[in-house]
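Student: I would like the atomic coordinates for the input below:
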Amino acid sequence: MATRVVITVQDDVYQRVERLAQLTHRDVAALLAETIALSFPLVDAPAASVRDMTTLSDEEILQLSALQLSPAQDRRLSQLLQKQQERELSTREHAKLSALMQDYQEGLLRKAQALHEAVRRGLRAPLTP
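Tutor: Numbers count the residues shown, from 1 in each chain. Have a look, this model is predicted:
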C-alpha cells in the first residue's frame, strides 16, 4: 500500500535529485520515495537496534561507538553503489542495496547514540570542542 504525497522542494534540491536519478537510471519520484523510506528508522525495529544506551556497560558503549559495517558488507555496498551509477540494478541487487543501506543507517544511529553516551560518561572527548 502506498500513500500519495505532494511536496515542494527547493529548485537546487530538485536539480540534485534529478541528476542522481539520471545517473542511476531511476525515476525521480521513486528515488525520492526510497530516500525518504531509508531516512526514517523502523519504529518496530528489533530491540537490539534501539537499546537504551544508559543500561550498557562502558565496554559495550565503547564497542558500539566504533561500530562499522563488516568488511564484506562494506565491499558489497560499494560494489552495488558503483553498479547503480553505471546501470540500472536488477530487482535482487536493488533489494540487497536497500537492505545494506538500512543496516548502515541503523548502525550509524546506534554509533551516534553510543558516542553521545560515551561523551556523557567521560569515556571519550567530544568530537567537536
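
Student: so how far is residue 95 from the residue nearest the centre of the chain?
Tutor: By Cα atoms, centre = their mean, the chain has its centre lying nearest to residue 105, at 2.6 Å. Counting by Cβ to Cβ, to the nearest Å, the separation of residue 105 from residue 95 is 16 Å. C-beta here means a position set from N, CA and C on the backbone, and glycine is covered the same way.

Student: quick one: mean pLDDT over the helix or strand where residue 14 lies.
Tutor: Here residue 14 sits within helix 11-23, counting by DSSP states H and E. The average pLDDT within helix 11-23 is 90.

Student: check contacts around residue 84.
Tutor: The contact partners of residue 84, by Cβ atoms under 8 Å, 6 or more residues apart in numbering, come to 24, 97.

Student: again, only this time at 10 Å
Tutor: 20, 23-26, 93-94, 97 (Cβ atoms under 10 Å, 6 or more residues apart in numbering).

Student: now swap in residue 119 and tell me
Tutor: Contact analysis of residue 119 by Cβ under 10 Å, 6+ apart lists 61, 65, 125-127.

Student: now do 7 Å
Tutor: By Cβ atoms under 7 Å, 6 or more residues apart in numbering, the residues touching residue 119 are residue 126.
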